[in-house]
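Q: Mind looking at a prediction? Sequence and model below.
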Amino acid sequence: IMLERTFKYLINSALNQPKVFVHRDFMPRNLMVCEPNPGILDFQDAVLGPPAYDVVSLLQDARRDVAPATEAAMIARFVTASGDRPEAFSAQYAALGAQRALRILGVFARLCLVAGKPGYLPLMPRAQEQLKLNAERIQYWLSVGAQPSDRVLRFLDAAGIKERPARMNPKKGEPGEKAK
């Protein structure tokens, strides 16, 4: 049941973010150094998705580590350029990082078991660590007082991460002043 709640939270979290062009496989090996902008390869799976997704793809790569200081600096740069609130972006980043790590673990397991490509097995512990780190980040933001909106709180409650208190509104359902 906990896994089901977690999936529901991750899906709803992603669906409730704005939609932009998302490469989905935005990583160093798919970038070429050229002027005036980098060349982008392997973009056939691009879709509309949450703005943080490609940032997660680049900074939580399945094949190489990114130093925590570099990750923090790049997140700060993206937040500044996008105008997002740092707390809100960090929570989205953590949720999408967890979703992406789960997706990568599933892809690597399929490639190993179905396609007979065991070369992906050594990469799985990295994705497992990224999943754990992102779950810890979600808990951290809540522990330092991040106040999710009621909509996000519903998803956190459904995932078993943070309880949403029952609302006490004795006048709910009564017509408003204009309707009286």
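A: Structure's in. What do you need? Numbers count the residues shown, from 1 in each chain.

Q: any idea how far Leu133 lies from Lys117?
A: 26 Å (CB to CB, to the nearest Å). (Each C-beta comes from the backbone N, C-alpha and C, glycine too.)

Q: Neighbour count: the two, which is higher?
A: Taking neighbours as other CB atoms under 10 Å, Leu133 and Lys117 compare with Leu133 leading, 15 against 12.

Q: what secondary structure does that one sit in?
A: helix (DSSP: H, G, I helix; E, B strand; the rest coil).

Q: Would you agree it is in contact with Gly97?
A: Yes. Using CB atoms under 8 Å, Leu133 is in contact with Gly97, at 7.5 Å.

Q: need the helices for this protein, in chain order.
A: 2-15, 53-59, 68-82, 86-113, 124-143, 150-158 (DSSP state H).

Q: winner for burial among these?
A: By mean neighbour count, with neighbours taken as mean count of other CB atoms under 10 Å, helix 53-59 ranks first of the helices of the chain at a mean of 21.

Q: could I get the helices of the chain as a markdown table with distance to Pro175 and mean pLDDT?
A: Converted to a markdown table, these look like this (distance: least, CB to CB, whole Å; pLDDT from 0 to 100):
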| stretch | distance to Pro175 | mean pLDDT |
| --- | --- | --- |
| helix 2-15 | 31 | 68 |
| helix 53-59 | 43 | 88 |
| helix 68-82 | 41 | 92 |
| helix 86-113 | 35 | 86 |
| helix 124-143 | 37 | 82 |
| helix 150-158 | 23 | 65 |
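
Q: can you tell which of these is closest to Cys34?
A: Among the helices of the chain, helix 53-59 comes nearest to Cys34, with 17.3 Å by CB to CB.

Q: What lies in contact with that closest one?
A: 14, 22-28, 66, 70-71, 74-75, 78, 93, 96-97, 100 (CB atoms under 8 Å, 6 or more residues apart in numbering).

Q: let's see 7 Å
A: The contact list for helix 53-59 (CB atoms under 7 Å, 6 or more residues apart in numbering) reads 22-27, 66, 71, 74-75, 78, 93, 96-97, 100.

Q: Go through the residues you listed and say which is closest to Gly49.
A: Out of these, the member with the shortest distance to Gly49 (by CB to CB) is Val22, at 3.6 Å.

Q: Now do the contacts for Met32.
A: Taking CB under 7 Å, 6+ apart as the test, what Met32 contacts is Pro38, Gly39, Leu41.

Q: So what pairs up with it in the strands?
A: Beta-bridge pairing for Met32 (DSSP bridges): Gly39.
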